[in-house]
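> Test case, fold it:
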Amino acid sequence: MIRFAIVLLLANAGYYAFSQGMLRSLGWGPEDPSEPERVQQQVKPDALRILTPQEARQAQEQARTVTAEPALAPVAAPVSEPVAAVEPAADSADKTAAAEADKLAAKAADKPADKPADKPEKPEKKECLVAGSFDAKQIEALRLQLAKLPEGSWRLDSSTSAGRWMVYVGKFSSQEALDTRRDELRALDISTDRARIASLEPGISLGRFSSEEAAERHLATIGRKGVSGAKVVVERPETVSYTVRLPKLDAATKKRVQSWHVMDGKDLRSCS
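All right, here's what the predicted structure looks like:
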């Protein structure tokens, strides 16, 4: 164990002496990286000099000539100029190539982009429009105009408005006679109202009904109460009205239809 410790101690001492250069006189020692040794490794330091801008441009021109004409024998550089002076030629060639690449990129940027393909035109929007209402006389004239449009592009919708009947007393010769008769009817507990139709004024309504049969039954009822001189009249006749529907109307046809005088001023409106 003691022997091993002595050997280890000697080994450490030897390595320390080697690393500190104590054995350099014996030819043993690490490489010295200090500056004096690096200076000694220089090759012809006296041949190295800094070029002026004019000399650098001349060297670049010589390098371009050598690059452009490889078949010619290279011109020997003056002995006074170090090899390092020729190195900018490589940088110049790289810059020239980069400049050419920039020119090509600029030309590509200036080139107008390909014109995009024309987009297909959107189909013209069509609307569903209606107009009305028209009575039987108006619709006959309008039907002749609609027949000029494409088949299936229009249709007529009809609706029936129910008539109305009234149990009526009158017409009186004066307002005083009307007031006297109204007082008599109220005494019999009969409800009264104005006739509200110019051709029947001054007159009294004893009730309005949606059918003639209902009006006749009411007339019989009040007759049994002692009412005389009353009768059933048509207050509003049953009518049929028409609506024009154009389910797929384009702008041009819309303008054309709206200009028809048979439209009687009725506007086309959106289908509900």
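> Let me see the ranges of the strands in the chain.
For the chain, the strands defined by DSSP state E cover 127-134, 155-161, 164-170, 193-194, 203-209, 231-236, 239-249, 269-270.
> buried ones in stretch 189-209?
Of the residues in stretch 189-209, 190, 192, 195, 200, 202, 203, 204, 205, 206, 207, 208, 209 count as buried by neighbour count, 16 or more other C-beta atoms under 10 Å. Every residue, glycine included, has its C-beta placed from N, CA and C.
> what's the closest of the strands of the chain to residue 18?
Closest to residue 18 of the strands of the chain is strand 127-134 (C-beta to C-beta; 103.6 Å).
> Looking at that closest one now, give me its mean pLDDT.
Strand 127-134 comes out with an average pLDDT of 89.
> Stretch 53-61 now?
Here stretch 53-61 scores 80 as its mean pLDDT.
> Check stretch 26-42 too.
Taken as a whole, stretch 26-42 has a mean pLDDT of 63.
> how about the strands of the chain in JSON lines, adding distance to residue 186?
Below are those laid out as JSON lines (distance: least, C-beta to C-beta, whole Å):
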{"stretch": "strand 127-134", "distance to residue 186": "40"}
{"stretch": "strand 155-161", "distance to residue 186": "33"}
{"stretch": "strand 164-170", "distance to residue 186": "13"}
{"stretch": "strand 193-194", "distance to residue 186": "12"}
{"stretch": "strand 203-209", "distance to residue 186": "11"}
{"stretch": "strand 231-236", "distance to residue 186": "20"}
{"stretch": "strand 239-249", "distance to residue 186": "34"}
{"stretch": "strand 269-270", "distance to residue 186": "48"}
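> and those, which is most packed in?
Compared across the strands of the chain, strand 164-170 shows the largest average neighbour count, a mean of 22 (mean count of other C-beta atoms under 10 Å).
> Give me the contact list for that one.
Applying C-beta atoms under 8 Å, 6 or more residues apart in numbering, the contact partners of strand 164-170 are 178, 181, 185, 195, 200-212, 214-215, 218-219, 222, 227, 229-236.
> Equivalent analysis for stretch 134-149, please.
Stretch 134-149 is contacted by residues 154, 156, 239-244, 246, 253, 257, 260, 262-264, 266 when judged by C-beta under 8 Å, 6+ apart.
> Can you tell me which of these is nearest residue 54?
Within the contacts of stretch 134-149, proximity to residue 54 (C-beta to C-beta) peaks at residue 253, which comes in at 85.1 Å.
> any idea how far the closest residue to that closest one other than its chain neighbours lies from residue 176?
In space, and not counting its chain neighbours, residue 253 is closest to residue 149: 7.0 Å by C-beta to C-beta, 6 or more residues apart in numbering. In this structure, residue 149 and residue 176 are 61 Å apart, going by C-beta to C-beta, to the nearest Å.
> quick one: which of the two has more around it?
Between residue 149 and residue 176, counted using other C-beta atoms under 10 Å, the more crowded position is residue 149 (14 against 10).
> Look up phi and psi at the more buried one.
Dihedral pair for residue 149: phi -80, psi 160, per degrees, to the nearest 10.
> For residue 159, see how far away it is.
From residue 149 across to residue 159, the span is 22 Å (C-beta to C-beta).
> got it, and residue 49?
Relative to residue 159, residue 49 is positioned 112 Å away (C-beta to C-beta).
> among the contacts of stretch 134-149, which two are most distant?
Within the contacts of stretch 134-149, 239 and 253 form the most distant pair, 29.6 Å apart (C-beta to C-beta).
> check contacts around the residue nearest to residue 266 when sequence neighbours are not counted.
Closest residue to residue 266 apart from its sequence neighbours, by C-beta to C-beta, 6+ apart: residue 131 at 4.8 Å. Listed by C-beta under 8 Å, 6+ apart, the contact partners of residue 131 are 243, 244, 257, 263, 266, 267, 268, 269.
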